[in-house]
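Undergrad: how does the following fold in three dimensions:
(2 chains)
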2 protein chains.
Amino acid sequence: MEFEKYLKSKAAYVEKSLAEYIDGLAGAPEILKDAMNYSLSAGGKRVRPVLVMAAAEAFGKKYSDVTAAACAFEMVHTYSLIHDDLPSMDNDALRRGKPTNHKVFGEDTALLAGDALLTYAFEVFARNGDVKAVGPARTLRALAVFANGAGAQGMVGGQTADVFAEGLTVNNLKRVKKIKSESKTLARKNIKYFLVPETIKEINAETVLSYIHANKTGALIRTAIEAGAVLAGAAEQDIENMRRYGTAMGLAFQIVDDILDVTVSEKKLGKSGSDAANKKLTFVSLYGLETSRKYAKFVIEEAVAALNCVRGLNKKAAAPLYDMADFFLKRSM
Amino acid sequence: MEFEKYLKSKAAYVEKSLAEYIDGLAGAPEILKDAMNYSLSAGGKRVRPVLVMAAAEAFGKKYSDVTAAACAFEMVHTYSLIHDDLPSMDNDALRRGKPTNHKVFGEDTALLAGDALLTYAFEVFARNGDVKAVGPARTLRALAVFANGAGAQGMVGGQTADVFAEGLTVNNLKRVKKIKSESKTLARKNIKYFLVPETIKEINAETVLSYIHANKTGALIRTAIEAGAVLAGAAEQDIENMRRYGTAMGLAFQIVDDILDVTVSEKKLGKSGSDAANKKLTFVSLYGLETSRKYAKFVIEEAVAALNCVRGLNKKAAAPLYDMADFFLKRSM
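TA: From the prediction side, this is the model:
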């Protein structure tokens, strides 16, 4: 109850700040600002920015000290949804109960609104360097963590593998074969291995799903937490354990998402077309509902264990981090 | 002759560095790395990174001190080409004489490769903070300049207006009317004004073209020069004059591009479909070839005048900046 109030008040603060950042785009085409704002103001729990703020608070900083960085995470999350909904990707018509960005603004403007949000995220993030309690050195380091979580080694990497996950089917393997022959820059023997990082030695549904989930959703959750700790000036060992907490939280978030996708009705989720209808590789499709729930519980326990290892935590101020773990778990049940 | 050697050697250095950055993406899907690399290694004069390096050298820094920032500019330029070529944008099949990214990798992967390049650009840029001669504070400031030039108030803003430039026609006005009624967040009376920034008070072909060109291509050229000066620790007044130089250079670059589009054959440009065929609003279509050439000359003179005002320039080390202005002008004749 206490935590729900915390979550709501922080989400409201993030929404107010996001609106101010968009207002600040003087000299940008009105139609572009409108398209950016359309998706940015469409709601959601604002989990990523709240995690940035909660992590910074846990190390004794004020949540307002990391406003810019927190909002940057929400901008990147939002751009990823806009691009993900495009016809060449998931081709979704509804998102949070509203027409998707390209349905309202057209594919070109939706593409550009996504690009603009991603770019603006970094400009806004950089402003956190002006906050005295944070400074440019920590901001730059946290920005690199953020970019890494959002990019080829994080979210975009996960999305790419997701696109090709059905890629273990004949049609997509044909497509990859064609790409390989046309791009002429790769000489791998096994086509399957082209779809995922070299670091995955054994390719099967389990390893691919694990990679996708750790990155597609997990990486941004993990780096939101890590960035919050870095901005707050946490000690190296503490940042390491916050990363452990973040990794577990990211994984838990995705398992819960997969569970909700089959247990909650379309209307409540506010999006059309379930993962099952799209034949997506999910925890539930792979392991079943019961095992997925057990797995979620196990992962949340790991998150809490990691948090218990962080020495520099202000225990009272860290309560929202524990509550958030609990909140994720309850949603899965 | 001397300058052409400078340009080639710096371009080769940039290409080697870019390849190393892509190699560094351990843990990213191979297919994504390949798609990123396909467009990144497709050639081009590497004007933007060379300008970052030349600007830093002009203030007494080594070009290698700003390698990361320079390469980041090329990554953003490359992502913009990938997204610009997509079917929902210009729908181009050829770029620099090769099939466009989506023709080889598919629309989804091309979209993601663009997103990944844009994101990686900021991660790489942040690494410039580790260079002792630069440091985190200057890097963060330069990164904000970079993001601003690449985003809604710069390149993406210009691209948006470009998409709607034919928008002063009946069909696109209908589309905008539809967007306005569906998005419900704007209450402007005049639909035309929705397409461009509020800051443009008088909308006609000239003002719209001027906005598009200052931003679509100009902003990244301008900010490459400004970022180089900021990274090198130039004085405020000098940064201001470098920005003036950069603004003129950006404009000149685009005028020259418009001229070349009509004077050079398709084969030599290595891309299909000219601006004329697409009925694009260009300097040449608006003012004719002769006036465009005169305008290019005038703008280059302004660039040189601005450069002459920069007090902290090391005159010998600044030679490439003067040569670059000359190089732009010669291409237009």
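
Undergrad: how about the strands of chain A, start to end?
TA: In order along the chain, chain A carries the following strands (DSSP state E): A:94-95, A:98-99.

Undergrad: most tightly packed of those strands?
TA: Among these, strand A:94-95 has the highest mean neighbour count (mean count of other Cβ atoms under 10 Å in any protein chain shown), at a mean of 19. Every residue, glycine included, has its C-beta placed from N, CA and C.

Undergrad: pLDDT averaged over that strand - what is it?
TA: In this model, strand A:94-95 has an average pLDDT of 92.

Undergrad: I'd like the strands of chain A laid out as a markdown table, including distance to chain B.
TA: What follows is the strands of chain A, written out as a markdown table (distance: least, Cβ to the nearest Cβ, whole Å):
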| stretch | distance to chain B |
| --- | --- |
| strand A:94-95 | 13 |
| strand A:98-99 | 7 |
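
Undergrad: could I get those as CSV with distance to B:Ala147?
TA: CSV is the format used below for the strands of chain A (distance: least, Cβ to Cβ, whole Å):
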stretch, distance to B:Ala147
strand A:94-95, 26
strand A:98-99, 28
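
Undergrad: among those strands, which is nearest A:Gly157?
TA: With Cβ to Cβ as the measure, strand A:94-95 is the member of the strands of chain A nearest A:Gly157 (22.5 Å).

Undergrad: list the strands paired with that closest one, with their directions.
TA: When pairing is defined by DSSP bridges, strand A:94-95 lines up against strand A:98-99 (antiparallel).

Undergrad: gap between the partner strand and the chain center?
TA: Distance of strand A:98-99 from the chain centroid (Cα atoms, centre = their mean, to the nearest Å) equals 21 Å.

Undergrad: quick one, what contacts A:Val284?
TA: Shown in contact with A:Val284 (Cβ atoms under 8 Å, 6 or more residues apart in numbering or on different chains): A:258-259, A:261-262, A:292.

Undergrad: what's the separation between it and A:Asp261?
TA: 7 Å (Cβ to Cβ, to the nearest Å).

Undergrad: could I get the buried residue list for stretch A:324-333?
TA: For stretch A:324-333, the buried set under the neighbour-count rule, 16 or more other Cβ atoms under 10 Å in any protein chain shown, comprises A:324-325, A:327-329, A:331-332.

Undergrad: among those, show me the least confident.
TA: For these, the model is least confident at A:Ser332; its pLDDT is 72.

Undergrad: wait, it touches A:Lys294, no?
TA: No. When contacts are counted by Cβ atoms under 8 Å, A:Ser332 is not listed as touching A:Lys294 (9.8 Å).

Undergrad: what's the closest non-adjacent residue to A:Leu281?
TA: For A:Leu281, the nearest residue in space outside its immediate sequence neighbours is A:Ala165; the separation is 4.7 Å by Cβ to Cβ, 6 or more residues apart in numbering or on different chains.

Undergrad: need the contact list for that neighbour.
TA: Listed by Cβ under 8 Å, 6+ apart, the contact set of A:Ala165 reads A:208-209, A:212, A:280-281.

Undergrad: now render those residues as JSON lines, adding distance to B:Pro197, pLDDT and neighbour count.
TA: As requested, the contacts of A:Ala165 are exported to JSON lines (distance: Cβ to Cβ, whole Å; pLDDT from 0 to 100; neighbours: other Cβ atoms under 10 Å in any protein chain shown):
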{"residue": "A:Val208", "distance to B:Pro197": "45", "pLDDT": "81", "neighbour count": "22"}
{"residue": "A:Leu209", "distance to B:Pro197": "45", "pLDDT": "85", "neighbour count": "22"}
{"residue": "A:Ile212", "distance to B:Pro197": "40", "pLDDT": "89", "neighbour count": "26"}
{"residue": "A:Lys280", "distance to B:Pro197": "40", "pLDDT": "71", "neighbour count": "19"}
{"residue": "A:Leu281", "distance to B:Pro197": "44", "pLDDT": "75", "neighbour count": "19"}
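
Undergrad: which single one of these is nearest to B:Ala54?
TA: The shortest distance between B:Ala54 and any of the contacts of A:Ala165, using Cβ to Cβ, involves A:Ile212 and amounts to 42.8 Å.

Undergrad: look up how far B:Glu4 lies from that closest one.
TA: As defined by Cβ to Cβ, A:Ile212 lies at a distance of 48 Å from B:Glu4.

Undergrad: same check, this time on A:Ala318
TA: According to Cβ to Cβ, A:Ala318 stands 60 Å off from B:Glu4.

Undergrad: you'd agree A:Thr217 is up against A:Phe253?
TA: Yes. Using Cβ under 8 Å, A:Thr217 and A:Phe253 qualify as a contacting pair, with a distance of 5.9 Å.

Undergrad: ok so, going back, for the contacts of A:Ala165, work out which two are farthest apart.
TA: Between any two of the contacts of A:Ala165 (Cβ to Cβ), the greatest distance is 11.8 Å, for A:Val208 and A:Lys280.

Undergrad: surely A:Leu40 touches A:Ala116?
TA: No. When contacts are counted by Cβ under 8 Å, A:Leu40 is not listed as touching A:Ala116 (10.7 Å).

Undergrad: which one's more surrounded, those two?
TA: A:Ala116 (30 against 24; other Cβ atoms under 10 Å in any protein chain shown).

Undergrad: surely the more buried one touches B:Ala152?
TA: Yes. With contact taken as Cβ under 8 Å, A:Ala116 and B:Ala152 are classed as touching, separated by 4.1 Å.

Undergrad: so what sits against both of the two?
TA: When contacts are counted by Cβ under 8 Å, 6+ apart, the set common to A:Ala116 and B:Ala152 consists of A:28, A:32, A:36, B:160.

Undergrad: more neighbours: which of A:Ala318 and B:Glu4?
TA: A side-by-side neighbour count of A:Ala318 and B:Glu4, using other Cβ under 10 Å, places A:Ala318 first with 19 against 10.

Undergrad: contact partners for that one?
TA: In this structure, A:Ala318 makes contact with A:57-58, A:307, A:310, judged by Cβ under 8 Å, 6+ apart.

Undergrad: adding pLDDT and neighbour count, write these out as a markdown table.
TA: As requested, those are exported to a markdown table (pLDDT from 0 to 100; neighbours: other Cβ atoms under 10 Å in any protein chain shown):
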| residue | pLDDT | neighbour count |
| --- | --- | --- |
| A:Glu57 | 97 | 23 |
| A:Ala58 | 97 | 28 |
| A:Leu307 | 97 | 23 |
| A:Val310 | 97 | 23 |
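
Undergrad: average pLDDT for the longest helix along chain A?
TA: With secondary structure taken from DSSP state H, chain A has its longest helix at helix A:236-263. Helix A:236-263 carries an average pLDDT of 94.

Undergrad: mind giving me the packing neighbours of it?
TA: Using 3 or more Cβ pairs under 8 Å, 6 or more residues apart in numbering or on different chains; DSSP states H and E as the contact criterion, the elements in contact with helix A:236-263 are helix A:47-58, helix A:205-216, helix A:218-231, helix A:283-287, helix A:289-308, helix A:319-332.
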